[in-house]
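[1] Okay, predicted coordinates and the sequence, questions at the end:
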Amino acid sequence: MAAATSVSKSERAYIQLSLHADPPVRADGRSLQDYRTIFLETGVAPLANGSARVNLGKSPQEGGGGTEVLAAVKLEVEDIENGEAQIRSQAIEQREDSSPSAYPQLSSNSLDDLSYDYTTILHQTLSHPSLHPSNLGILPRKKAWLLNLDITVLSDAGNIYDVMFMAARAALWDTKVPRTRGVQYARVKAPKNEDSMAVEEDGVPTSGFDTRQIPSATDFELPDYWDEGEILAGRDMWPVCITLNIVNLPTLPATASLIFEFC
């Protein structure tokens, strides 16, 4: 992890001794229950269906510092093959990119490995079937929305996983799914025995006396703009992250204490 690579042995010992003090304190003087300032803003990416920026630990006096993460959601139309509607129609892809300025001590290969680790944790958590939104379908067994979640780490001053999940949840909470309307094309008998094509909306026949089976929709249209629509279904279920650290107690070598990392 990045935090482990940027902390020397002396700094690590100083942090551990501070936590063992009575009362225990953080390296920056905070107690175990004190948390850093959290700044959260949504709608920061104009061309995304949902976006958020989260900063943890920003100094009010200096106006900078802390851990900062940018998250953006983009919906794309995806063709669905037969037999994959229930899976592909609710597919979610995550991609995490780390800015080189966030980890100047890492080489390009190490930065790629770190980004891969972050992406794996996000994908394994947010792609769980229990979190799949139910309103990503467009045409049954034909087309659906593919949700892409991109996360960029701008700076890392600790609690990176907590901030990434906060940014992901905020961006998904801000996401709007454009409403769609199915369109089908049906053959109708025109005057003088000439066939023509008539366009009708999904489920609306051209004649009340037409006993033929109404064909299913083959295309769709968007009554909304790209940044309008309904909220993402099940957004209350999107998780956040709480970091736990194990600190060995020197007075009780056979035991250890769990400390909640309050940002």
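    Okay, I see it. Source: prediction; values computed, not measured.

[2] Who does whichever strand or helix holds residue 150 pair with, and is each partner parallel or antiparallel?
    Secondary-structure assignment from DSSP states H and E places residue 150 in strand 143-155. Strand pairing for strand 143-155, using DSSP bridges, gives strand 67-79 (antiparallel), strand 92-98 (parallel), strand 137-139 (antiparallel).

[3] Make a markdown table from those strands and add distance to residue 39 to it.
    Where C-beta positions appear, they are placed from N, C-alpha and C, glycine not excepted. Formatted as a markdown table, those follow (distance: least, Cβ to Cβ, whole Å):
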| stretch | distance to residue 39 |
| --- | --- |
| strand 67-79 | 9 |
| strand 92-98 | 20 |
| strand 137-139 | 36 |
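
[4] would you list these in CSV and tack on distance to residue 164 and mean neighbour count?
    Formatted as CSV, these follow (distance: least, Cβ to Cβ, whole Å; neighbours: other Cβ atoms under 10 Å):
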stretch, distance to residue 164, mean neighbour count
strand 67-79, 5, 20
strand 92-98, 7, 19
strand 137-139, 28, 21
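
[5] For residue 154, which of those strands is the nearest?
    When those are compared by Cβ to Cβ, strand 67-79 sits nearest residue 154, at 4.2 Å.

[6] quick one: average confidence on the closest one?
    Across strand 67-79, pLDDT averages out at 90.

[7] ok, now stretch 103-119?
    In this model, stretch 103-119 has an average pLDDT of 87.

[8] So for it, what gets flagged as buried?
    103, 106, 111, 114, 115, 118, 119 (16 or more other Cβ atoms under 10 Å).

[9] how about low-confidence regions in the stretch 101-250 of the chain?
    Within the stretch 101-250 of the chain, the stretches with pLDDT under 70 are 184-218, 224-227, 247-250.

[10] Can you show me the helices along it?
    108-126, 160-173 (DSSP state H, counting those that start in this stretch).

[11] tell me which strands and helices the first one is in contact with?
    Going back to what we said before, that points to helix 108-126. Helices and strands touching helix 108-126, as assessed by 3 or more Cβ pairs under 8 Å, 6 or more residues apart in numbering; DSSP states H and E, comprise strand 92-98, strand 143-155, helix 160-173.

[12] Of the ones you listed, which stretch is the most buried?
    Among the helices and strands packed on helix 108-126, the stretch with the highest mean neighbour count (mean count of other Cβ atoms under 10 Å) is helix 160-173, at a mean of 23.

[13] Show me what that one is packed against.
    Looks like helix 160-173 contacts strand 38-42, strand 50-56, strand 67-79, helix 108-126, strand 143-155 (3+ Cβ pairs under 8 Å, 6+ apart).

[14] and the angle for the first one with strand 67-79?
    Spelled out, it's strand 38-42. Orientation check (axes from the mean of the first three to the mean of the last three Cα atoms, to 10 degrees): strand 38-42 against strand 67-79 gives 30 degrees.

[15] Listing partners with orientation, what would you give for strand 38-42?
    strand 50-56 (antiparallel).

[16] buried set for the strand it pairs with?
    50, 51, 52, 53, 54, 55, 56.

[17] Done for today, thanks.
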